[in-house]
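In: Sequence first, then the predicted structure, then my questions.
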Amino acid sequence: MDLYGPMRVESVNEKKYILIIFDDYSRFTWVKCLRSKDEALDFIIKFRKMIQVGISHETSVARSPHQSGRLWLPHVTPTIDPYGKTPYELLHDKLPDLSFLHVFGAICYPTKDSENLGKLQPKADIGIFIGYTPTKKAFRIYN
């Protein structure tokens, strides 16, 4: 486990610290960006509980009742062990579902879900895909 920061440049969400948790057995890595060092202890407690119990509190995206799955994307480059398994396979004992992956930095068009859209108003914005949310089945889009 390592806490790095403060970074010279803040992220879009004003986060300046990076907490890295590394599993020795599988080499699986979790990365959490934090606004301050004080947030680290709370995250470690929640993370430990998630690892022990195997579940974490997740909410769904607004106006998306069909979401019941879990979205997890490691934000680090995976490595392979001598037996040809990724850290995800060693930790979860199954292959990861890669069907939701999208190209980082790609142009995308998030739809506007406001009920006040008129007939001639645009139904989508233009944005840049920058990643996934860690606790919801949703995308992070910069526009």
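Out: Received, thanks.

In: Can you list the low-confidence ranges for this protein?
Out: By pLDDT under 70, the low-scoring segments of the chain are 55-84.

In: tell me the domain ranges of it?
Out: 2-92, 106-142 (the TED database).

In: nearest to Leu98, of the ones you listed?
Out: Leu98 lies closest to domain 2-92 among those, at 9.3 Å (C-beta to C-beta). C-betas here are computed from N, CA, C, even on glycine.

In: re earlier: out of the domains of the chain, flag the one nearest Phe100.
Out: Among these, if distance is taken as C-beta to C-beta, the winner is domain 2-92, at 6.6 Å.

In: still on that earlier bit, put together CSV for the domains of the chain, with mean neighbour count and distance to Phe100 on each row.
Out: Below are the domains of the chain laid out as CSV (neighbours: other C-beta atoms under 10 Å; distance: least, C-beta to C-beta, whole Å):
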stretch, mean neighbour count, distance to Phe100
domain 2-92, 13, 7
domain 106-142, 12, 8
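
In: Make TSV out of those and add distance to Leu98.
Out: What follows is the domains of the chain, written out as TSV (distance: least, C-beta to C-beta, whole Å):
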stretch	distance to Leu98
domain 2-92	9
domain 106-142	12
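
In: Can you classify Glu39 as helix, strand or coil?
Out: What DSSP: H, G, I helix; E, B strand; the rest coil gives for Glu39 is helix.

In: And the helix or strand harbouring Ile128, what does it pack against?
Out: Ile128 is part of strand 127-132 when elements are defined by DSSP states H and E. Under the contact criterion of 3 or more C-beta pairs under 8 Å, 6 or more residues apart in numbering; DSSP states H and E, strand 127-132 touches strand 107-108, strand 139-142.

In: ok, residues contacting the shortest one?
Out: Same thing as strand 107-108. 102, 126-129, 139, 141 (C-beta atoms under 8 Å, 6 or more residues apart in numbering).
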